[in-house]
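K.L.:
need coordinates for the following:
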Amino acid sequence: MSQIGHDEYEEMVDEYDMSDMDDDMDEDYPGGRIIASDSDDEDSNNKVTDTTAAEARKGKDIQGIPWHRLSITRDKYRQTRLLQYKNYENIPNSADQSLKECQEAEKGGQYYDFHRNTRSVKSTILHFQLRNLVWATSKHDVYLMSHYSLLHWNALTSEKQELINVQGHVAPSEKHPGSLLEGFYQTQVSTLSVKDNLLVAGGFQGELICKFLDREGVTFCCRTTFDENAITNAVEIYHTSSGALHFMTSNNDCGVRVFDMDRFQLCRTFRFNWPVNHTALSPDGKLLLTVGDNPEGLLLDPTTGKTIHELKGHKDFSFASAWHPNGHTFATGNQDKTCRVWDSRNTSKPVSVLPGNLGAIRAVRFSSDGKFMAVAEPADFVHIYDVASGYCKRQEVDFFGEISGISFSPDSEALFVGVWDRTYGSLLQFNRRREFGYLDSVL
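P.N.:
A predicted model of the protein is given here:
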């Protein structure tokens, strides 16, 4: 992945910040700007309020953007974003090549209904290519990065709790072999993973901060590498066939590392010829999907690291991967603006090639029941595909802002989307559409 400083990313955020939308339109649409303190979505105490499903049904914008006060309509601003948003490519014109292969999916499905937009929770990003900073461990429990804070958000009680603050000194409260007892200072968190009571945060300098959610303090700290190109691009937490708790890191130093959290030890390292941006282990633990700064992805033996299949088709670098629960279907997301769905039993070509609207595919998730696949672009769009239709039907979730991460709840009942924008940053929640709508009043 690209080496980009925090200041450079801040400039990119500024370029597409919603609070500046009228500056971009002044020539054609002179008039007002979004001023948060004057917006209709704030109460008399000048506190930002959320948007509920009931308010959205009455016509309120799900993000609380007061379009009636602006000099441009939502539809016109959407058209402008689609024309002006600059997709980042490492290989020039990769999207132009790939989009010729795409299948069109029928839009208009409604699988998840808008439930709530929580603006008091600001989900943030530090690296423009890494968007794995939102994780749900239940329908009500969400973990995310908000500036320097690792937060737990309870969607049922609307309460947030800071678990770790990385702005200052973070050090382990437990002693384990290989743990850096001195800890870290001012860690820039690049990626996050939370599963089975374990939280792992990865940093720009190869830092790893591990915390068990049922224990006080940080459990384990280590640095994967001292290479100057050390960014932790992704973390995956999983159980081995024997039940041991492991996690796997993908790093910019061309390494994949496996850690045993029962023994708190590094147990395996694989080396590649290119930076590794994401890995995903198959449900049966027999295949390791690996993508990175190479148009070709790999299916590996997770024990030996030996290549079993090469995946050819993408035109640029990939940053997302995921397995379907059936154990043979998997998907990859790429800067060529496509998500490709594959079958491990025949990898000669992808099963489906699905296009993005404005940019790279930065995150891919399958629901645990296998019925849906969620695909996130860098900003504004999340696509939810109906798997049973052969990815020919989809729901398009349309909003404004950079996407920090997406996560289905483990029971597939909720989908959370982190939105990073200086004014309208928030956490969006969508709930599974069911036939018995009256149950929403008690859930």
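K.L.:
any idea how far residue 232 is from residue 251?
P.N.:
If you measure residue 232 against residue 251 using C-beta to C-beta, to the nearest Å, the figure is 6 Å. Yep, even glycine has a C-beta here, placed from its N, CA and C like the rest.
K.L.:
anything in contact with each of these two?
P.N.:
Between them, residue 232 and residue 251 share these contacting residues under C-beta atoms under 8 Å, 6 or more residues apart in numbering: 206, 224.
K.L.:
which of the three states applies to residue 304?
P.N.:
Here residue 304 is recorded as coil under DSSP: H, G, I helix; E, B strand; the rest coil.
K.L.:
and for it, the neighbour number?
P.N.:
Residue 304 is flanked by 10 other residues according to other C-beta atoms under 10 Å.
K.L.:
and what of residue 339?
P.N.:
Using other C-beta under 10 Å as the criterion, the residues surrounding residue 339 number 31.
K.L.:
after the helix or strand harbouring it comes which helix or strand?
P.N.:
Residue 339 is located in strand 338-343, with elements delineated by DSSP states H and E. Proceeding C-terminally, strand 338-343 gives way to strand 352-355 as the next helix or strand, assigned by DSSP H and E.
K.L.:
pull the CA atoms of that following strand into CSV?
P.N.:
Coordinates of each C-alpha in strand 352-355 appear next as CSV, following Å, rounded to 0.1, in the frame of the first residue of the first chain:
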residue,chain,number,x,y,z
SER,A,352,-18.8,-12.3,-10.9
VAL,A,353,-17.2,-8.9,-11.5
LEU,A,354,-19.1,-6.2,-9.7
PRO,A,355,-18.5,-2.4,-10.2
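K.L.:
who's in contact with that strand?
P.N.:
Identification of contacts with strand 352-355 by C-beta under 8 Å, 6+ apart yields 98-99, 101-103, 105, 313, 337-341, 375, 383, 385, 390-391.
K.L.:
pairing partners for that strand, with directions?
P.N.:
Strand 352-355 has its sheet partners listed here by DSSP bridges as strand 338-343 (antiparallel).
K.L.:
going along the chain, name the helices of the stretch 51-200 of the chain.
P.N.:
Read by DSSP state H, counting those that start in this stretch, the stretch 51-200 of the chain holds these helices, from start to end of the chain: 53-57, 74-84, 94-98.
K.L.:
rewinding a little: give me the buried positions along the strand holding residue 339.
P.N.:
338-342 (16 or more other C-beta atoms under 10 Å).
K.L.:
and of those residues, the nearest to residue 274?
P.N.:
Compare each of the buried residues of strand 338-343 with residue 274 using C-beta to C-beta and the shortest gap goes to residue 340, at 18.3 Å.
K.L.:
mind listing what the closest one touches?
P.N.:
Taking C-beta under 8 Å, 6+ apart as the contact definition, residue 340 lies against 311, 313-314, 331-332, 334, 350, 352-354.
K.L.:
in ChimeraX, select just the buried ones from those residues.
P.N.:
The following ChimeraX command selects only the buried members of those, with burial defined by 16+ other C-beta under 10 Å:
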select :311,313,314,331,332,334,350,352,353,354
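K.L.:
tell me which two in the contacts of residue 340 are the farthest apart.
P.N.:
Within those, two members stand farthest from each other by C-beta to C-beta: 311 and 354, at 15.4 Å.
K.L.:
what are the pairing partners of the longest strand seen in the chain, and which direction each?
P.N.:
Ranked by residue count, the top strand of the chain under DSSP state E comes out as strand 393-408. The sheet places strand 393-408 alongside strand 106-107 (parallel), strand 379-386 (antiparallel), strand 414-420 (antiparallel), with pairing taken from DSSP bridges.
K.L.:
most tightly packed of the ones you listed?
P.N.:
Compared across these, strand 414-420 shows the largest average neighbour count, a mean of 26 (mean count of other C-beta atoms under 10 Å).
K.L.:
who's in contact with the helix or strand just after that strand?
P.N.:
Moving toward the C-terminus from strand 414-420, the next helix or strand (DSSP H and E) is strand 426-432. Here strand 426-432 makes contact (C-beta under 8 Å, 6+ apart) with 62-63, 111-119, 121-123, 134, 139, 142, 144, 153, 155, 397, 399, 401, 412-419, 440, 443.
K.L.:
quick one: buried ones out of the residues you listed?
P.N.:
Neighbour counting by 16+ other C-beta under 10 Å classes 62-63, 111-119, 121-123, 134, 139, 142, 144, 153, 155, 397, 399, 401, 412-419 among the contacts of strand 426-432 as buried.
K.L.:
can you pull out the low-pLDDT segments for this protein?
P.N.:
When the per-residue scores of the chain are filtered using pLDDT under 70, the ranges that remain are 2-48, 436-443.
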